[in-house]
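A.B. asks: sequence first, then the predicted structure, then my questions.
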Amino acid sequence: MSIRVRHCAIFGLVLLLGGCTYADDLFGTNWSGEQPSPNNVAAGQIGAASESSSRALPTQPSRSGATVTASTSTIVGEQVQRLRGDLSHLKSNVAQRQQELSVTRESVKRDSQTYVDTVTGLASHLKNGTTPGNPNLMAQWTQAQSSLNHLIGDIDQLSRLSSQVAADISFATYLTKTTNNAFSLEGAVDEDHHQLTEIKNELDTTNTELDALLKNVTDEITQQSETVNNGTGNLTVLARAIKAGTLSESTRVASTNRSHQAINSREPLTNRVRPFVVINFKSTHPKYEDALYTAVSRALDRDPSVKFDLVAVSPTAGTADQIALSSKTAKENAEDVMRSLVKMGLPADRLTLSATTSSEVRNNEVRIFVH
């Protein structure tokens, strides 16, 4: 039984960062773009997989039952007919997912704006001073909390959507492989190969659309999860301020902008626990997918409820511009790793992204923690 089938049913809500309970049990693994040396192996550092293959947990494709025209009477023609039906079903799925993302984004926009307007008004009123425990401000605080709860619901919908897109990607991979294999089947006529080429071209376009869709969904999850984390801290501060009747000038309410630090910022994980996996981005595109798949499979076998925290780590050496560029690249690397894990069958709500800097690293890294 595949890991996806065994574990997807128990995947839960958006997680918060936490400690690693596997630090002493699971072997820390370090991947880079280089082949391992005997010394590296002895130190517990394993080189990259020899081939890069965005591994996907097996997904059984379903037939769409669509009516296909212009088919030949050959065996390959029958295969073409089935492939066209499946491709039609896949393209319909993609259109539906894109619509769902658009609708959810509109909901996110409304809920975020309501939250921001309410919190901004509360903070402004409190800075001017008011009566302790002002019931009008408490009512506004409740409204802000409601907007934040709606935003959490939006994130849940995005997480479900990411799982659906990942399943579509697996199905598209299956169709692409089946189409390529059909070219080598005996008994085909020229028209069969012409239609197979058309299907292959359409699949290439659909795969590109799916990759872009998954990126948009996971980026939205990351951004809105940070908004919720900021919002939780904001409401805690504001509740205390309402009780006191004033908001200290030194207290800053966290912005929903991703470039601002959350008011309830956490201690970087790299300072507290041992990472389960370290992917070293010394090379531009390290081939880590196969090894990552194996490591995640092992973690899920040990504990089906395990969750994964991805931390983008960038060095502190260099000029201010170099440090900023390195930090941006490290975050993009972490987002790429996240998308790889989603393609493997892990719903995005089992994953959390954060970033930090360290004077101990020379190259960008993505450190993965389990808990």
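C.D. replies: Sure, I can see it. Numbers count the residues shown, from 1 in each chain.

A.B. asks: quick one: the strands in this structure?
C.D. replies: With DSSP state E as the definition, the chain shows strands at residue ranges 29-31, 277-280, 308-315, 351-358, 365-370.

A.B. asks: ok, of those, where does mean pLDDT dip lowest?
C.D. replies: Looking over the strands of the chain, mean pLDDT reaches its minimum on strand 29-31, with a mean of 46.

A.B. asks: before we move on, the earlier item: winner for burial among the strands of the chain?
C.D. replies: The highest mean neighbour count among these, using mean count of other Cβ atoms under 10 Å, belongs to strand 365-370: a mean of 27. All C-beta spots, glycine's among them, are computed from the backbone N, C-alpha and C.

A.B. asks: can you give the strand pairings for that one, parallel or anti for each?
C.D. replies: Paired with strand 365-370 in the same sheet, following DSSP bridges, are strand 277-280 (antiparallel), strand 308-315 (antiparallel).

A.B. asks: ok, back up a step: would you mind giving the strands of the chain as a markdown table with distance to residue 169 added?
C.D. replies: Compiled in a markdown table, those are given as follows (distance: least, Cβ to Cβ, whole Å):
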| stretch | distance to residue 169 |
| --- | --- |
| strand 29-31 | 23 |
| strand 277-280 | 21 |
| strand 308-315 | 19 |
| strand 351-358 | 16 |
| strand 365-370 | 21 |
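
A.B. asks: closest one to residue 158 among those?
C.D. replies: Go through the strands of the chain one by one with Cβ to Cβ and the one that ends up closest to residue 158 is strand 351-358, at 12.3 Å.

A.B. asks: would you mind writing the CA trace of the closest one as CSV?
C.D. replies: Presented in CSV, the C-alpha positions along strand 351-358 are these (Å, rounded to 0.1, in the frame of the first residue of the first chain):
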residue,chain,number,x,y,z
LEU,A,351,3.8,21.7,5.9
THR,A,352,5.0,25.0,7.3
LEU,A,353,7.5,27.5,5.8
SER,A,354,9.7,30.0,7.7
ALA,A,355,13.0,31.6,7.1
THR,A,356,16.1,32.6,9.2
THR,A,357,19.7,33.6,8.8
SER,A,358,22.8,32.0,10.3
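
A.B. asks: what's that strand packed up against?
C.D. replies: Counting contacts by 3 or more Cβ pairs under 8 Å, 6 or more residues apart in numbering; DSSP states H and E, strand 351-358 is packed against helix 190-244, strand 308-315, helix 320-343.
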